[in-house]
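[1] Build me a structure from this.
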Amino acid sequence: MSLSLQARTAVEVPSQALGFYRRHPVLIVGISLVPGLERFVSVQTDLPGPLPVVMETLTLLARVLLIGLIVRLAFGRESTGDSGHPARFLRERWPSLMLQAAMLGGLVMVFDVIPEQIIRDWIPSGGEDLYTAVLLLIKNPTVIAFTFVWMVLAARQVVTYTPAEPAVHDRRPRTPQP
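    Now for the predicted structure:
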């Protein structure tokens, strides 16, 4: 498979993820604000008693709900049944997954390492907690949620893969043509 085909296959998923995010912003941002607000509050204050555990549990539940809804919307009523060829995708298109991993790594550098490791050092003393709280509040409904969408759509790309032509070693019986 050509590198350009692998690159096109790799770019399909983040492009679809962006479209998905644009079609469902209220759902994605709304649910993602639960962990965002939890992080904002947790970084800013020292919560008493069992409250940190309760809030962390709410964060986990919100993220599980969000991923579940993304899966439901991404796969819809699609049945992968015999139509998908994930093993063939992994044999033929694995470089596209490596390209996606590299793109995701680049995003992590831009939206995680730079803001949390580099820019944070420029924040005046005493403002670090507020900076971190605001950063986490913003990242939850944007970067983190977009990454969830991307991962689900990457999984969908693999499990629903239907090659243009059957593999040479594909020995499934063919339906006779009338």
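[2] V152 against V71, yeah?
    Yes. Contact status for V152 versus V71: in contact at 5.5 Å, counting by C-beta atoms under 8 Å. To be clear about C-beta, it is placed using only N, CA and C from the backbone, and glycine gets the same treatment.
[3] between those two, which one's more packed in?
    V152 (23 against 15; other C-beta atoms under 10 Å).
[4] name the element that one belongs to?
    Counting by DSSP states H and E, the secondary-structure element that holds V152 is helix 145-159.
[5] can you list contacts of that helix?
    Outside of helix 145-159, the residues that reach it under the criterion C-beta atoms under 8 Å, 6 or more residues apart in numbering are 9, 12-14, 16-18, 20-21, 28-29, 31-32, 63, 66-67, 70-71, 74-75, 80, 84, 86, 89-90, 97, 100, 104, 107.
[6] how about R72, what does it touch?
    With C-beta under 8 Å, 6+ apart, R72 has no contacts at all.
[7] how about L69, what does it touch?
    Contact partners of L69, counting by C-beta under 8 Å, 6+ apart, are 27, 31.
[8] Name the SS class of it, please.
    Secondary structure assignment for L69 (DSSP: H, G, I helix; E, B strand; the rest coil): helix.
[9] still on that earlier bit, now intersect the contacts of helix 145-159 with the helices, please.
    In helices, judged by DSSP state H, the following of the contacts of helix 145-159 are found: 9, 12-14, 16-18, 20-21, 28-29, 31-32, 63, 66-67, 70-71, 74-75, 86, 89-90, 97, 100, 104, 107.
[10] Now list the buried members of those residues.
    Under a neighbour-count criterion of 16 or more other C-beta atoms under 10 Å, the subset of the ones in helices among the contacts of helix 145-159 counted as buried comprises 9, 13-14, 16-17, 20-21, 28, 31-32, 63, 66-67, 70, 74-75, 89, 97, 100, 104.
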